[in-house]
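Engineer: Let me see the structure of the following:
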Amino acid sequence: MPLQKLQFRPGINKDQTNYSGEGGWFECDKVRFRSGFPEKIGGWARLSNDTFLGICRSLWNWVTLNGANLLGVGTNLKYYIEQGGDYNDVTPIRATFDHASTPTTDNCITTTSGSNVITVNYSNYGGISGDFVTISGAVDVGGITAAELNGEHQITYVDLDTFTFTVTNSATSTATGGGIAITMAFQIQTGLDIYIQGTGWGAGTWPSYVNYTLTDPFTAAGVG
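Structural biologist: Sure, this is the predicted structure:
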């Protein structure tokens, strides 16, 4: 039986069945076409030297009316908008507590001598381990400076009324304080970093959802 030359059409066509698409490519992995012939890709290039927290679970790309090319990046920990190689954290705020809240945040911070673990006592703060809180307005407590207390921290759940976070330096004394101008802004709850049957991948509290309105996300995040 003489040999017969096979002519393959370029490109991948998944709209047809294997039979009706005879002579073409139905499926491939890590392949591109050059001059009509399949060629395996030569590698990967980083989109950006910037980094983000968490494991990416969802991407959404769009172009604004003024031509800005933006990429929404949802991870199990945060939500970012990428522009020009920079990842801008625009994770929505779930709840904010301050001096005027009930209960008040006054002097809710406790340090333990020789430890860099900070304890915060606040009733029904609504967080879970891995959540992020941004603290502002706190003053020095137990040898821990305000510069270390104020800022974004990833928390560890202790109970409904208590959570902890770590700082760089250890406290020089056991004390409770922080002042009367403490504000705590909690971001939406984080998701799982692994797959668990029946609970999804952890891009959020699954299978429920959260709905937030970002009135001006680009200005708030410094985008654009």
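Engineer: CA atoms for contacts and neighbours, from now on please.
Structural biologist: OK.
Engineer: Just the CA trace of the host helix or strand of residue 163, in PDB.
Structural biologist: When elements are assigned from DSSP states H and E, residue 163 belongs to strand 162-166. Once side chains and other backbone atoms are set aside, the C-alpha atoms of strand 162-166 remain, and they are given as PDB (Å, rounded to 0.1, in the frame of the first residue of the first chain):
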ATOM      1  CA  THR A 162     -10.500  37.800  70.600                       C
ATOM      2  CA  PHE A 163      -8.000  37.700  67.800                       C
ATOM      3  CA  THR A 164      -4.200  38.000  67.600                       C
ATOM      4  CA  PHE A 165      -1.600  39.100  65.100                       C
ATOM      5  CA  THR A 166       2.200  39.300  65.100                       C
END
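Engineer: which outside residues touch that strand?
Structural biologist: Applying C-alpha atoms under 8 Å, 6 or more residues apart in numbering, the contact partners of strand 162-166 are 116-123, 153-158.
Engineer: Spell out, range by range, the helices that occur in the chain.
Structural biologist: Taking DSSP state H as the test, the helices found in the chain are 146-149, 217-221.
Engineer: Can you tell me the closest non-neighbouring residue to the residue positioned nearest the centre of the chain?
Structural biologist: Nearest to the mean C-alpha position of the chain, counting by C-alpha atoms, centre = their mean, stands residue 78 at 1.7 Å. Counting by C-alpha to C-alpha, 6 or more residues apart in numbering, residue 78 lies nearest to residue 91, which is 5.6 Å off, once chain neighbours are set aside.
Engineer: What is the neighbour count of that neighbour?
Structural biologist: Look at residue 91: counted by other C-alpha atoms under 10 Å, it has 19 neighbours.
Engineer: Surely it and residue 75 touch.
Structural biologist: No - when contacts are counted by C-alpha atoms under 8 Å, residue 91 is not listed as touching residue 75 (10.1 Å).
Engineer: Quick one: mean pLDDT for stretch 139-158?
Structural biologist: When pLDDT is averaged over stretch 139-158, the result is 98.
Engineer: what residues go with each domain of this protein?
Structural biologist: As assigned by automatic domain parsing, the chain contains the domains 1-45, 56-92+195-221, 94-187.
Engineer: What is the least confident helix or strand in the protein?
Structural biologist: Within the chain, confidence by mean pLDDT, DSSP states H and E is lowest for helix 217-221 among all helices and strands, at a mean of 47.
Engineer: Could you find the closest non-adjacent residue to residue 79?
Structural biologist: In space, not counting the residues next to it along the chain, residue 79 is nearest to residue 91; the distance is 4.8 Å by C-alpha to C-alpha, 6+ apart.
Engineer: Over to residue 7?
Structural biologist: Once flanking residues are discounted, residue 7 sits nearest to residue 23: 6.6 Å by C-alpha to C-alpha, 6+ apart.
Engineer: Count residues in the vicinity of the one you found, would you?
Structural biologist: By the measure other C-alpha under 10 Å, the count of residues near residue 23 is 13.
Engineer: Over to the one 4 residues further on?
Structural biologist: Other residues near residue 27 come to 11 when the count uses other C-alpha under 10 Å.
Engineer: Sketch out the low-pLDDT regions of the chain for me.
Structural biologist: Judged by pLDDT under 70, the chain has its weakly predicted residues at 195-224.
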